[in-house]
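In: predicted model follows, preceded by the sequence.
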Amino acid sequence: MTPKKTYTIDASGKILGRLSAEIAFLLQGKNLPGYLPYLDNAAEVTVINTSKLKVTGKKNEQKKYYRHSGYPGGIKEIAYKDIFSKDPNEVLRRAVYGMLPRNKLRSKMMRRLKLYQEDQYGKN
């Protein structure tokens, strides 16, 4: 049994999409020589300084996240800047979640993603 590998990434000044693609790559274990898509490699990714993430272009004002209740007219939208101001971790969590494969391993991979703002790291 190989020991669980831990990666620590500093998100300050990094672009949201590029960082989330890198995190999804590590969580899936695609960087390992023995990668198999149906096996969980149990690597843990810790991201610090999520409040210093950046987005390019006008995404700060124009990007929206949608959800639907299932009822007619039940679509809700919330702007990126509102979610980011409330909880920067949620923005990165949603981006990584969308980049992982849609199978039974996705929830296990997401449990191994630890997100911290600069004031939270080291206090757990």
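Out: Alright, I've got the coordinates. Quick caveat, the model's predicted, so the values are computed rather than measured.
In: hey, let's count contacts and neighbours off CA atoms from now on
Out: Will do.
In: now do the helices in this structure.
Out: 16-28, 59-62, 80-86, 88-99, 106-111 (DSSP state H).
In: out of those helices, which is the most enclosed?
Out: helix 16-28 (a mean of 19; mean count of other Cα atoms under 10 Å).
In: packing partners of that helix?
Out: On a contact count with 3 or more Cα pairs under 8 Å, 6 or more residues apart in numbering; DSSP states H and E, helix 16-28 meets strand 44-48, helix 88-99.
In: on that earlier part again, want to try CSV for the helices of the chain, with distance to Ala42 and mean pLDDT as columns?
Out: Output for the helices of the chain, formatted as CSV (distance: least, Cα to Cα, whole Å; pLDDT from 0 to 100):
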stretch, distance to Ala42, mean pLDDT
helix 16-28, 8, 96
helix 59-62, 33, 95
helix 80-86, 28, 95
helix 88-99, 16, 96
helix 106-111, 8, 94
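In: would you turn those helices into TSV with distance to Ile9?
Out: Listed next are the helices of the chain as TSV, based on distance: least, Cα to Cα, whole Å:
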stretch	distance to Ile9
helix 16-28	9
helix 59-62	23
helix 80-86	19
helix 88-99	13
helix 106-111	16
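In: nearest to Asp10, of these?
Out: helix 16-28 (9.7 Å; Cα to Cα).
In: between that closest one and strand 44-48, how many degrees?
Out: Interaxial angle, helix 16-28 versus strand 44-48 (axes from the mean of the first three to the mean of the last three Cα atoms, to 10 degrees): 150 degrees.
In: just to revisit the earlier point, out of the helices and strands packed on helix 16-28, nearest to Arg112?
Out: Taking the helices and strands packed on helix 16-28 one by one with Cα to Cα, strand 44-48 is closest: 4.9 Å.
In: contacts for the closest one, please.
Out: 4-12, 23, 26-27, 112-118, 121 (Cα atoms under 8 Å, 6 or more residues apart in numbering).
In: okay, now the sheet partners of that strand, with direction.
Out: The strands beside strand 44-48 in its sheet (DSSP bridges) come out as strand 6-10 (parallel), strand 113-115 (parallel).
In: from the ones you listed, which stretch is densest packed?
Out: Taking mean count of other Cα under 10 Å, strand 113-115 is the most buried of the strands paired with strand 44-48, at a mean of 18.
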